[in-house]
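In: structure for this input, please:
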Amino acid sequence: MLRRPTLLFIFLTGLIQAQYTDQINSNRPGASIGAFAVGKGIIQFEGGFEYRKYKHEGYNYSTVNGKIAFLSLRWGFLSERLELTYQGSFMFDKLTNKISSQDIVTERKGFLQNFLGVKYLIYDPFKKETEVNNYSWKANNGFKLKHLIPAVSLTAGGNFIFDKNHPYPFGDVYDLMYRPIFFQNLNTPTDKEPLLSLRGVLASQSHFLGTWVFVTNFIYDRYLTEQTAKSYILTLTHTFHPLWSVYLENEGLFSERYKDQIFRTGAAYLFSDNIQIEGSLGVNTNTRPSALFINLGVSYRLNFHKSFISAAEIEYNKSKEEEKELKKTMKKNSKAEKKRARKAKRN
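Out: Prediction:
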């Protein structure tokens, strides 16, 4: 008799806690961001290291060998729908210029990304899930067309550049070689990225067949500059084991300087409810430059989430207490009745 209300209770509380999850919800691996926030009271760190190798056909196959440190900080605040997010990547590299007869090697370091913004969940389709079939696992977990309706969020904020001699303006690792030789000989300064530019990300997230997640990102970057950039990211993730998942990703980049298609794949391992470890590989289709990406990372969360107690949960707990008290009373009355029966026999 208790199984049905228990299942219903679990289902309802799962819906109410749609933003917060018992296990870590990380954007890694991959470059896309999910539609959902981490949940109110969650502080999450997502970091990693990546090796990148570039080779530029247009510059006599000049190369860039770089090591990048990534860090993303996510804080759920005020409501389950809001998240304050920071995304940063810092690169140490060695540019080998092969245009002249003798290679010229330049060592550099600087931010590839330094972004601070706010994510807001605009639409959550799971809020409308209100029915559960207590007799059919398939009915509750099978494919439904409405499951393809995605959650949608908007992330907006600013890119900040504090280095006056920023070596990668607009993300161009070949900036030193981008200008014609004539202008370099005139000591014409490299392009300068302004202190502040704006970035917006429209993200959607669909769940289907229980173990598949499809995420899309549409990004408008470096608004307020003369070199705005547009891009998209498509990420398909499959959980084939409670602790393991794999993903495939396609990223398209479109700007005045650079157009490219990047493909990534990788796997993630759930070490604990609050720790995820992952790795990935990536390549692009362009030859100006061609690129190889090798990435390892970890995500860790501090859980200060205070669970919301719903009306259904309160009613369920109340019914359990009443049932417990009723059993005690019935047991007490039964003992008293037996005692009276024994006493009546003696008399």
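In: quick one: the strands in the stretch 51-200 of the chain?
Out: Assigned by DSSP state E, counting those that start in this stretch, the stretch 51-200 of the chain shows strands spanning 62-76, 82-97, 104-123, 151-160, 196-208.
In: could these be laid out in CSV, adding mean pLDDT and distance to T239?
Out: From N, CA and C alone the C-beta is placed, and that goes for glycine too. Shown next, in CSV, are the strands of the stretch 51-200 of the chain (pLDDT from 0 to 100; distance: least, C-beta to C-beta, whole Å):
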stretch, mean pLDDT, distance to T239
strand 62-76, 96, 21
strand 82-97, 96, 23
strand 104-123, 95, 22
strand 151-160, 97, 17
strand 196-208, 95, 10
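In: S32 is nearest to which of these?
Out: Of all the strands of the stretch 51-200 of the chain, it is strand 196-208 that lies closest to S32, at 7.3 Å by C-beta to C-beta.
In: tabulate the strands of the stretch 51-200 of the chain (CSV), appending distance to E323.
Out: Output for those, formatted as CSV (distance: least, C-beta to C-beta, whole Å):
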stretch, distance to E323
strand 62-76, 36
strand 82-97, 39
strand 104-123, 38
strand 151-160, 37
strand 196-208, 35
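In: now those strands as CSV including mean neighbour count and distance to I219?
Out: Formatted as CSV, the strands of the stretch 51-200 of the chain follow (neighbours: other C-beta atoms under 10 Å; distance: least, C-beta to C-beta, whole Å):
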stretch, mean neighbour count, distance to I219
strand 62-76, 19, 15
strand 82-97, 18, 12
strand 104-123, 16, 11
strand 151-160, 19, 9
strand 196-208, 18, 5
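In: who wins for proximity to S299 among the ones you listed?
Out: Per C-beta to C-beta, nearest to S299 of the strands of the stretch 51-200 of the chain: strand 62-76, 8.5 Å.
In: check which helices and strands the closest one sits against.
Out: Packing contacts for strand 62-76, counted by 3 or more C-beta pairs under 8 Å, 6 or more residues apart in numbering; DSSP states H and E, involve strand 42-56, strand 82-97.
In: partners of that strand, with directions?
Out: Sheet partners assigned to strand 62-76 using DSSP bridges are listed as strand 42-56 (antiparallel), strand 82-97 (antiparallel).
In: show me the one of the strands of the stretch 51-200 of the chain that comes nearest V246.
Out: The nearest among the strands of the stretch 51-200 of the chain, by C-beta to C-beta, is strand 196-208 at 16.1 Å.
In: other SSEs contacting that closest one?
Out: Partner elements for strand 196-208 (3+ C-beta pairs under 8 Å, 6+ apart): strand 104-123, strand 151-160, strand 212-223.
In: dump those strands to a markdown table, plus distance to A35.
Out: As requested, the helices and strands packed on strand 196-208 are exported to a markdown table (distance: least, C-beta to C-beta, whole Å):
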| stretch | distance to A35 |
| --- | --- |
| strand 104-123 | 6 |
| strand 151-160 | 4 |
| strand 212-223 | 7 |
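In: I68 reaches G47, doesn't it?
Out: No. With contacts counted by C-beta atoms under 8 Å, I68 stays clear of G47, the gap being 11.0 Å.
In: in what element of secondary structure is the residue lying closest to L243 once chain neighbours are set aside found?
Out: Once flanking residues are discounted, L243 sits nearest to L270: 4.6 Å by C-beta to C-beta, 6 or more residues apart in numbering. Assigned by DSSP states H and E, L270 falls within strand 259-272.
In: after that strand, which helix or strand is next?
Out: strand 275-284.
In: what pairs with that next one, parallel or antiparallel?
Out: Taking DSSP bridges as the criterion, strand 275-284 forms sheet pairs with strand 259-272 (antiparallel), strand 290-303 (antiparallel).
In: follow-up on the earlier one: quickly list what the residue nearest to L243 is bridged to.
Out: For L270, the beta-bridge partners under DSSP bridges are Q276.
In: before we move on, back to that, and the strand holding L270, what's its mean pLDDT?
Out: Average pLDDT, strand 259-272: 96.
In: list the buried ones in it?
Out: For strand 259-272, a neighbour-count test (16 or more other C-beta atoms under 10 Å) marks 260, 262, 264, 266, 268, 270 as buried.
In: before we move on, what about stretch 214-226?
Out: Residues 215-217, 219, 221-222, 225 are the ones in stretch 214-226 that count as buried (16+ other C-beta under 10 Å).
In: which one of these is nearest A37?
Out: Of all these, V215 has the smallest distance to A37: 14.1 Å, by C-beta to C-beta.
In: show me what contacts that closest one?
Out: With contacts taken as C-beta atoms under 8 Å, 6 or more residues apart in numbering, V215 has the following neighbours: 32-35, 203-206, 233-237.
In: again, only using 7 Å
Out: Contacts for V215 were tallied using C-beta atoms under 7 Å, 6 or more residues apart in numbering; they are 32, 34, 203, 205, 235.
In: please apply the same query to T287.
Out: Counting by C-beta under 7 Å, 6+ apart, T287 makes contact with E57.
In: and I33, what element?
Out: Assigned by DSSP H and E, I33 belongs to no helix or strand.
In: domain ranges for the chain?
Out: According to automatic domain parsing, the chain comprises the domains 3-306, 309-347.
In: by mean pLDDT, show me the worst of those domains.
Out: Lowest mean pLDDT of the domains of the chain: domain 309-347, a mean of 70.
In: that'll do, ta.
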